[in-house]
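*Asks:* Need coordinates for the following:
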Amino acid sequence: MRAVRDGRSGRALKAKEEALNLPGVWSAYGALLQHLRKRAGLSQQQLGDAIGYSLEQVASVEQGRRPAKAAFTVAAERVLQAGGVLEVLQDEVDRAKLPRFFRNVALLETEALSRFSYDPLLVPGLLQTEAYAQALLEAHFPPLDEEIIEQRVAARLARQALLVRKNPPMVFVFIVEEGALRRVVGSKAVMREQLESLLTCSRLRNVELQVMPTARGAHSGLNGPMVLLESMDRRRHVYVEAQDVVTVRSDAEEVSEFWLRYGMLRTQALNTEESSRLIERMAGEL
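*Replies:* The predicted structure is shown next:
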């Protein structure tokens, strides 16, 4: 029993230490916000009143304990006449909301021209609705703190700006297993909304969505999920993720095998038109 208690205490202490180890960019943003506020001759309460946030929220952002949301930044820029210096940090602030294991991958994504993925278990994060992402994170074990869930949902939704990036545009191909789309996450209503959102995203000119039918049987994708990225300087990377562990590979020979494998998966999955019709039928069944 003592060993069990010691184990629990150790995990609790580790969780507390991790909670205190907040991203440096949040502190940098907070220090800059405080400087701009004092330069404008405003108290935290006055700034909060001017931008529609509470004293506690402003104080938390200045102390680096809470990340600023985009709406907070826009309002603060306007009131403090910051000239865009806070907006410059917003992408980094948002990226720091992601779990540590994923931040480097998220940075690779922002520098990519194309992103091809295969997802056997879940709707990929870049296509998840807020309600679907919320339900997934609420099912996490050990349970996540409510504030952590809120931050990760916000960060996941912020990543989706890549889908409509203009300069330069990014090409996406998503192959998703039929079983992942039939798994009811959250509720039938949540899943219906998610399927309808997939159809909307699939109509974007730079997005292709293919469903791998369960009837296909065995194929090489069953070895696990994968994401293939090609950067603006034409370098190729592949990353695989399982149970919050990410592995990134850039060796040309190794990455080439993944691209060949992915090419085969594209020929085995339903084409985009067939995939859309199947998703429409699944949504109608809910």
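
*Asks:* hey, let's count contacts and neighbours off CA atoms from now on
*Replies:* Fine.

*Asks:* Under the pLDDT cut-off, which ranges of the chain? List them.
*Replies:* Under the criterion pLDDT under 70, the flagged ranges of the chain are 1-21, 101.

*Asks:* For it, which segments count as helices?
*Replies:* Along the chain, the stretches classed as helices by DSSP state H are 2-20, 24-39, 44-51, 55-62, 70-80, 85-95, 100-110, 130-138, 146-159, 178-182, 188-202, 252-268, 272-285.

*Asks:* To Gly221, which of these lies closest?
*Replies:* Gly221 sits nearest to helix 252-268 of all the helices of the chain, at 7.0 Å, using CA to CA.

*Asks:* hmm, who's touching that closest one?
*Replies:* 118, 175, 210, 212, 216, 219-221, 228, 236-238, 249 (CA atoms under 8 Å, 6 or more residues apart in numbering).

*Asks:* And it, what's buried?
*Replies:* By neighbour count on 16 or more other CA atoms under 10 Å, the buried set for helix 252-268 is Val255, Phe258, Trp259, Tyr262, Leu265, Arg266.

*Asks:* swap in stretch 197-213?
*Replies:* Buried residues in stretch 197-213, defined by neighbour count with 16+ other CA under 10 Å: Leu198, Leu199, Cys201, Ser202, Asn206, Val207, Glu208, Leu209, Gln210, Val211, Met212, Pro213.

*Asks:* just stretch 75-90 next, same as before
*Replies:* So, applying 16+ other CA under 10 Å, buried residues of stretch 75-90: Ala75, Ala76, Glu77, Leu80, Ala82, Leu86, Glu87, Leu89, Gln90.

*Asks:* could you dump these to TSV with distance to Thr272?
*Replies:* Below are the buried residues of stretch 75-90 laid out as TSV (distance: CA to CA, whole Å):
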residue	distance to Thr272
Ala75	41
Ala76	43
Glu77	43
Leu80	48
Ala82	46
Leu86	41
Glu87	37
Leu89	37
Gln90	35
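
*Asks:* Between those, which sits nearest Ala133?
*Replies:* For these, the nearest to Ala133 is Gln90 (21.5 Å; CA to CA).

*Asks:* State the distance from the nearest residue to the closest one once chain neighbours are set aside to Lys97.
*Replies:* Once flanking residues are discounted, Gln90 sits nearest to Ala70: 6.8 Å by CA to CA, 6 or more residues apart in numbering. As for Ala70, its distance to Lys97 is 13 Å (criterion: CA to CA, to the nearest Å).
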